[in-house]
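> Kindly return the folded structure for what I paste below:
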Amino acid sequence: MRRVPATIVTGFLGAGKTTLVRHLLRRAEGRRIAVVVNEFGAVGIDRELLLGCGEATCREGDIVELANGCLCCTVADEFLPSLTRLLDRPTPPEHILIETSGLALPKPLLQAFLWPDVRTRVTVDGVLTVIDAAAFAAGRFAEDPAAVARQRAADPAFTHDNPLEEVFSDQLACADLVILNKADLVAADRLAASRRELERKLRPGVRAVVAHNAAVPATVALGLDAAAEDDLAARPCGHDLDEAHDHDDFSSMVVEFGAVSDTAAFFRRLRATITAHDVLRVKGFVDVPGRERRQVVQAAGDRIQHYFDRAWRADEIRATRLVVIGKKGFDGSAVAAALAD
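Numbers count the residues shown, from 1 in each chain. Modelled structure (predicted):
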């Protein structure tokens, strides 16, 4: 029996994972594609973003959200039952896209595909790691994964000083294809240098492609036939010696308030708040009076994108609702007060 291919989409906060999944759904070419999307924290936004894409392939029953914890930490309780339910459908999907949270480690998720009940039914077609080109060019979230593995082997008690670099390293080390996204934000010469630097960090045979708005053809991103679950030893992970992985270095919160009449002033406040409180990620929806459609807000660092997607439904309460992610200890009360001002 043919195993269903699954593609894991990983990458740091705000790199463009959801945009990539939306792009691939739009170019499904008739294939039945199911999506499992994971959020850091108890409230999810990405499933709503996917359902708002306006495509027939973004069907509600085909998009499963896991918002009760990081996939790499809740594999048995959350991910495997959801995957089994998808496979047990009378007409199962022909391909599964799995979007991890920006703080997830891909290797524990890969190991789940070795479970006997799953191994005979699904294979990991490939791990796609999405990278913010501007952040990488600025030298953020970059580290040599091989050096990390060697240091951990020599000293099991070794820990990273920077959890962001730790997550980045593990995501990069697991990749079958790396997508250097948001290329339009980097000058051509610096982008070329970043790509060369990135390729030196990759495992043999792994390629990096440059993209704008995560527009990678399905023929490039899907059909890698990597069988990644059979290749775990070649994917070094800084947590291989750990019993578990936690996210105590990060925290998230939901800020909810009413309509925003002056959006220009709101986005100025948002940028100032992100800078003042070292916020890593903001995403959500804004209620703009007089507009039938909800406004999507995506911020990675102080770079903010916004656009209108679908119309507000008659059965939902219009409100501004934002998920804010930062390092542990950031002043959530001050953030909420500044944004709702």
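> Confirm F308 sits in a strand?
Yes: assessed by DSSP: H, G, I helix; E, B strand; the rest coil, F308 belongs to a strand.
> residue contacts, it?
F308 sits next to R291, R293, R294, Q295, V296 when contact means Cβ atoms under 8 Å, 6 or more residues apart in numbering. Every C-beta, even on glycine, is put in place using the N, C-alpha and C of the backbone.
> and with 10 Å instead?
Counting by Cβ atoms under 10 Å, 6 or more residues apart in numbering, F308 touches G52, F285, V286, V288, R291, E292, R293, R294, Q295, V296.
> Which members of those are the farthest-apart pair?
For those, the farthest-apart pair by Cβ to Cβ is G52 and V288; their separation is 15.1 Å.
> what bits of the stretch 101-250 of the chain have low per-residue confidence?
Judged by pLDDT under 70, the stretch 101-250 of the chain has its weakly predicted residues at 141-163, 238-250.
> Do a quick rundown of the strands in it.
122-132, 177-181, 207-210, 250-257 (DSSP state E, counting those that start in this stretch).
> For those strands, give me JSON lines that also has distance to D231 and mean neighbour count.
Formatted as JSON lines, those follow (distance: least, Cβ to Cβ, whole Å; neighbours: other Cβ atoms under 10 Å):
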{"stretch": "strand 122-132", "distance to D231": "9", "mean neighbour count": "25"}
{"stretch": "strand 177-181", "distance to D231": "14", "mean neighbour count": "25"}
{"stretch": "strand 207-210", "distance to D231": "16", "mean neighbour count": "16"}
{"stretch": "strand 250-257", "distance to D231": "29", "mean neighbour count": "18"}
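> Now do the contacts for the residue lying farthest from the centre of the chain.
Ranked by distance from the centre of the chain (Cα atoms, centre = their mean), the top residue is G290, with 32.1 Å. By Cβ under 10 Å, 6+ apart, the residues touching G290 are A259, S261.
> if I look at it, how far off is R268?
Per Cβ to Cβ, to the nearest Å, G290 is found 20 Å from R268.
> do you know which of the strands of the stretch 101-250 of the chain lies nearest R303?
strand 122-132 (8.7 Å).
> Name the strands paired with the closest one and say parallel or antiparallel.
strand 4-11 (parallel), strand 177-181 (parallel) (DSSP bridges).
> what packs against the helix or strand that the first one is followed by?
To tie it back to what came earlier, the one meant is strand 4-11. Scanning forward in sequence from strand 4-11 by DSSP states H and E, the next helix or strand is helix 17-26. Judged by 3 or more Cβ pairs under 10 Å, 6 or more residues apart in numbering; DSSP states H and E, the packing partners of helix 17-26 are strand 4-11, strand 33-38, helix 46-51, strand 95-99, strand 122-132, strand 177-181, helix 218-221.
> Can you give the distance of helix 17-26 from its chain's centre?
11 Å (Cα atoms, centre = their mean, to the nearest Å).
> okay, the angle between it and strand 95-99?
If you take axes from the mean of the first three to the mean of the last three Cα atoms, to 10 degrees, helix 17-26 sits at 160 degrees to strand 95-99.
> got the angle for helix 17-26 vs strand 33-38?
170 degrees.
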